[in-house]
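Student: The sequence isn't on hand, but the structure is:
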């Protein structure tokens, strides 16, 4: 019997992770209710850290709320808002509260969000943050001082999946060299491209969990193709969603087919719906995934 | 070269609303090149302030506003500065501070200081250096990500670039793409595999 996400990572189980966002305010019942839909089907739940630079409740606090509800959170942590002191202090706090999984990333620039004039920090980048976590894991802090109790994080990182972008592949390689325990990717629509990506990083020993955003409409697909870095919705899928009588249903069909393909290529899928997880249980059952 | 842009006249008049008997100090280096503080701009400022009802007692154009020996050296350029009840410096922030350090009346700046840049082939180059005090530009083929990547990322690009343009400003190339091209050209792509430690921010 596998108990936690780290053990599952080291097993042969096909993993399901899913993303939830903390509330924008102090009332947390709605996102908590949303997370409840993932009980028994998601192996861990990513909690976003002020995603798109839009201010929300902290990922640390909401991760703890999920933990109290019996979920296994993956606390996302960006480099945007905290310097090395703030990052370490939040990491220690998270660990003390029982959070064991983290996913580290650079973070969108503040000008993308609702506080465009706020000071961008980026004291560390995502590679350096991974190194920092490994230091905390060894019981010392960034400055080399011994901690009164270190951490033991299961620490992941993120990546795009375009095999034609050597810079991204090199950065991913650095993340793995600096101790990433898993990689969660940008949304995959083009399975062929993802397969090439997996071939390009074949030499890296790291579990890759492929991102998935079920399409809801043709305009959403168009928007993502145009505005979201690293996302490429192929023509064939654009055609299907455009001509579908029920685009949401078609989006779920496409996503479930993608999951079935990804089962042969990746260690899991990471579901990031726009809006709620209302359709996530159905999507997973369409893909033949019954539960954890 | 320090890159400056001229504040709109309205903003300068607002700064000077309780002031009069203005002495103008230009800068004959960067600001002159950028036409934000050379002689023509100083004379134009003179006219505009007078037209707006301010009395301008005089002006001077030191070689560099950021390199002023003493108050006396300014007097040697134009002794009218003794009558000034305030000074408007048409240079960068450093020029304004330097002038303030040798004078005893209120000092204002007419420009916004944008970056340490340069110019080449008639093109203005912004953000060439952030004066971090720990130069590692050679590791990046001569293009500094500390200054040209808005996030100052040292280990490669973020995930925000689309078609090689920067997440923060789609009119700009992602500097990491430029670094890649440059390192490719000089056959040093191996440098991209270095894991760089964070920048140390220490006061001198």
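Tutor: Everything's here; your move. Keep in mind the model is a prediction, meaning the values are calculated, not measured.
Student: any low-confidence regions in the stretch 151-292 of chain A?
Tutor: A:291-292 (pLDDT under 70).
Student: Quick check: the residue of it nearest chain B.
Tutor: residue A:171 (3.5 Å; C-beta to the nearest C-beta). For glycine as for every other residue, the C-beta is placed from the backbone atoms N, C-alpha and C.
Student: and that residue, which of the three is it?
Tutor: Counting by DSSP: H, G, I helix; E, B strand; the rest coil, the backbone at residue A:171 sits in helix.
Student: surely it meets residue B:154?
Tutor: No - the pair residue A:171 / residue B:154 is not scored as a contact, 10.9 Å apart, by C-beta atoms under 8 Å.
Student: Those two - which one has more neighbours?
Tutor: residue A:171 (26 against 22; other C-beta atoms under 10 Å in any protein chain shown).
Student: mind checking the longest helix of the chain?
Tutor: You didn't say which chain, so I picked chain A. Determined from DSSP state H, the single longest helix within chain A is helix A:247-262.
Student: actually it's chain B I care about, not the one you picked
Tutor: helix B:39-51.
Student: tell me what that helix is packed against?
Tutor: Helices and strands touching helix B:39-51, by 3 or more C-beta pairs under 8 Å, 6 or more residues apart in numbering or on different chains; DSSP states H and E, are helix B:9-15, strand B:22-25, strand B:56-60.
Student: Pull out the buried residues from the longest helix of chain A.
Tutor: A:247, A:250, A:251, A:252, A:253, A:254, A:255, A:256, A:258, A:259, A:261, A:262 (16 or more other C-beta atoms under 10 Å in any protein chain shown).
Student: same deal with stretch A:85-102?
Tutor: A:87, A:88, A:90, A:91, A:92, A:94, A:95, A:99, A:100, A:101, A:102.
Student: So which of those residues belong to helices?
Tutor: Going by DSSP H, the helices hold A:87, A:88, A:90, A:91, A:92, A:94, A:95 from these.
Student: So which of those is the closest to residue B:9?
Tutor: Set against residue B:9, the nearest of those by C-beta to C-beta is residue A:87 (45.0 Å).
Student: Tell me how far that closest one lies from residue B:14.
Tutor: If you measure residue A:87 against residue B:14 using C-beta to C-beta, to the nearest Å, the figure is 41 Å.
Student: which bits of chain B sit near chain A?
Tutor: Residues of chain B lying near chain A by C-beta under 8 Å from any C-beta of the partner chain: B:150-162, B:167-168, B:176-177, B:180, B:192-193, B:195-199, B:201.
Student: filter those to the buried ones?
Tutor: Looks like the residues of chain B next to chain A have B:150-161, B:167-168, B:176-177, B:180, B:192, B:196, B:198-199 buried, using 16+ other C-beta under 10 Å.
Student: Looking at those, which are in helices?
Tutor: The members of these that map onto helices under DSSP H are B:176, B:177, B:180.
Student: Tell me which other helices or strands the helix or strand just after the longest helix of chain A touches.
Tutor: The helix or strand immediately downstream of helix A:247-262 is strand A:268-271, counting by DSSP states H and E. Applying 3+ C-beta pairs under 8 Å, 6+ apart, one finds that strand A:268-271 makes contact with strand A:15-20, strand A:208-212, helix A:280-286.
Student: at 6 Å what do you get?
Tutor: strand A:15-20, strand A:208-212 (3 or more C-beta pairs under 6 Å, 6 or more residues apart in numbering or on different chains; DSSP states H and E).
Student: Quick one: mean pLDDT over the helix or strand following the longest one.
Tutor: The first helix or strand that comes after strand A:15-20 along the chain, using DSSP H and E, is helix A:29-36. Taken as a whole, helix A:29-36 has a mean pLDDT of 97.
Student: Kindly calculate the angle that helix A:29-36 makes with strand A:15-20.
Tutor: If you take axes from the mean of the first three to the mean of the last three C-alpha atoms, to 10 degrees, helix A:29-36 sits at 170 degrees to strand A:15-20.
Student: so which strand or helix has residue B:115?
Tutor: strand B:111-120.
Student: same thing with residue B:3?
Tutor: Going by DSSP H and E, residue B:3 is in strand B:2-6.
Student: Give me the contacts around that strand.
Tutor: Residues from elsewhere that reach strand B:2-6 (C-beta atoms under 6 Å, 6 or more residues apart in numbering or on different chains): B:30, B:31, B:34, B:36, B:92, B:111, B:112, B:113, B:114, B:115, B:117, B:126.
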